[in-house]
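Peer 1: heads up, no residue letters with this:
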């Protein structure tokens, strides 16, 4: 196990508080129709730019850029303080990329060190080191296009003389997370109209970093690359759903949505599950008639196109074609097309029955279509996922090897209660709960109002005047976020690793709940206050919340930054250096998946298995190779190692001598073998 050694110098991190401000509004000679319950300031769709609106935009952009920069700087500082990354040896830097992180980084290193870009790509397409003695196409099997892009950039940019490849890699990831904070900032701004809400969102995200991100500890994880693009997509979707969005801005939004969805899909093997939840949310907002059908159709098509392009770039990755989302989207599009855009008159009970019927129809069609596709293409590589889900909820497969491996990893367990305690101490969780519950109540009322109206002008489709107003008629994007946050919350609570999808939503919704104009107008309505007073109150409360957050969270953060440590794992360093010095380059290693990823990265020697556990053949191979930990005869183990042409095995005390609690690797092997 690695350790850390404390250093005696203080780090330099300045304590800064974001500037305050007020929301300014543009004034024009044009009149706009303002629905009941909305302010004229917020509904003005004029394109005229005044000096006040330009100043407002300038302050917003400066605050956004600064917030993202300070977050990235903080993540870099914490990583440096914990590892002393700039001063340790290269092999120690590489060892610090644990488990699958080391495997992914090895492909970046492989591309950078290749004689040419074309030769590097050839070595990835015909790789015989990762799963010795088999040859695999890494670009098809794994989501490593980000490593390819970064390696190409490093080779062509004039930075080799002053920046080592590993620093270019980690700095690029931290820069992506500055972009993530920008996306969160913009989403909060689009929803509330206040740049102070964007600052509060960024601060919530940064000061609750233990539960919102882990990029400072595990840099090369696929989430570190993919989540920034996901939040860019969500920010663009927020703008696209606004009822006063012009056709030009709609087209730009759709382009950004498609591009960011494609980048997100390319960067993470779990893309299909996140996009499935998004597709559910889109379908839900359509079936409740909160967003125009053509916008829902456009986004579903953008999602499906992004996945198809990802499939092509991954050399026809069949797991994408056989995913639930690729069956759900055609089913949803077909149902939307058949139903049409008109809302026909019927009673509310009849409409509830229709909603249930439509939902069941699309789900049944999705399951049937997926089974047909998987049967035709012979896809069974994702069976382990369903086994894991069933085992997690105590429905069969309790002694399955693959299911036990997943169940024994903390990251795939249920969300722990102390997460809510930390987020409550970080101010964000109580605000989120109140805001999200309020949004769901408003959504419920808006749906009943809309269904009661039951009027559509068939000659004026997809326009704000096409139906009578309801609570969310001028803010349909809130309906989408209210539904999507429910799905992300359910996923986050069921799987600890996925909480990083939910907690950023807490930051966004928590901030808009305290800074939204209409919230405070409703609260202050008994006092018959004017618009200026409402603006002052909401900005004051936002600044007060920000002050409380800084008072609570900033001192512990500054204290944390004073603790300087150093990466320390001499045993693993000695092992890697011994392999490089004493083992032939063609000799293959067998051992735990986690350690073998480091062997490949640090020594370049062939390995027989690895932590990217998404291929059926590899899972079967790993199960056989892990017999070295089970109660098998030496003859059996030798036969398995010979079968896979393994030259060396690495046995770790942390595995073999671990206390037996049901999740020890030898216990998992023996349970699967029927010995325990």
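Peer 2: Nice, thanks for sending it over. Computed from a predicted structure; not experimentally measured.

Peer 1: Okay, now the unreliable bits of the stretch 1-150 of the chain?
Peer 2: Filtered on pLDDT under 70, the stretch 1-150 of the chain yields the residue ranges 1-48.

Peer 1: make that the stretch 301-450 of the chain, sorry
Peer 2: If you take pLDDT under 70 as the line, the stretch 301-450 of the chain has these spans: 341-345, 396-398.

Peer 1: residues of the helix or strand containing residue 350 that come out buried?
Peer 2: Element membership of residue 350, judged by DSSP states H and E, is helix 348-377. Neighbour counts over helix 348-377 (16 or more other CB atoms under 10 Å) mark 351, 355, 358, 362, 365-366, 369-370, 373-374 as buried. C-beta coordinates here come from the backbone N, C-alpha and C atoms, glycine included.

Peer 1: Pull the distance from the very next helix or strand once past that helix to the chain's centre.
Peer 2: Using DSSP H and E, the helix or strand that follows helix 348-377 towards the C-terminus is helix 383-392. On the basis of CA atoms, centre = their mean, to the nearest Å, helix 383-392 sits 21 Å off its chain's mean C-alpha point.

Peer 1: what's the angle between helix 383-392 and helix 348-377?
Peer 2: Angle, helix 383-392 to helix 348-377, by axes from the mean of the first three to the mean of the last three CA atoms, to 10 degrees: 130 degrees.

Peer 1: Quick check: what element follows helix 383-392 along the chain?
Peer 2: Of the helices and strands lying after helix 383-392 in sequence (DSSP H and E), the nearest is helix 401-407.

Peer 1: Could you list every helix and strand in contact with that following helix?
Peer 2: Counting contacts by 3 or more CB pairs under 8 Å, 6 or more residues apart in numbering; DSSP states H and E, helix 401-407 is packed against helix 383-392, helix 616-625, helix 665-672.

Peer 1: got the angle between the second one and helix 383-392?
Peer 2: What that stands for is helix 616-625. 60 degrees.

Peer 1: buried ones in helix 616-625?
Peer 2: Using 16+ other CB under 10 Å as the test for burial, helix 616-625 gives 618-619, 621-625.

Peer 1: For the buried residues of helix 348-377, give me CSV that also has distance to residue 329.
Peer 2: Shown next, in CSV, are these (distance: CB to CB, whole Å):
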residue, distance to residue 329
351, 24
355, 19
358, 15
362, 10
365, 11
366, 9
369, 10
370, 11
373, 12
374, 16
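
Peer 1: So which of those is the closest to residue 60?
Peer 2: Taking CB to CB as the measure, residue 355 is the one of the buried residues of helix 348-377 closest to residue 60, at 38.5 Å.

Peer 1: I'd guessed that closest one sits against residue 287; true?
Peer 2: Yes - counting by CB atoms under 8 Å, residue 287 is a contact partner of residue 355 at 5.4 Å.

Peer 1: Specify the local secondary structure of residue 595.
Peer 2: What DSSP: H, G, I helix; E, B strand; the rest coil gives for residue 595 is helix.

Peer 1: scratch that, residue 614 is what I was asking about
Peer 2: coil.

Peer 1: so what's the residue lying closest to it once chain neighbours are set aside up against?
Peer 2: Excluding the flanking residues, the one nearest residue 614 by CB to CB, 6 or more residues apart in numbering is residue 269, at 5.7 Å. Neighbour list for residue 269: 142-143, 222, 612, 614 [criterion: CB atoms under 8 Å, 6 or more residues apart in numbering].

Peer 1: Distance check, the residue lying closest to residue 560 once chain neighbours are set aside against residue 212.
Peer 2: Spatial nearest neighbour of residue 560, chain neighbours left out: residue 78 (7.4 Å); criterion: CB to CB, 6+ apart. From residue 78 across to residue 212, the span is 13 Å (CB to CB, to the nearest Å).
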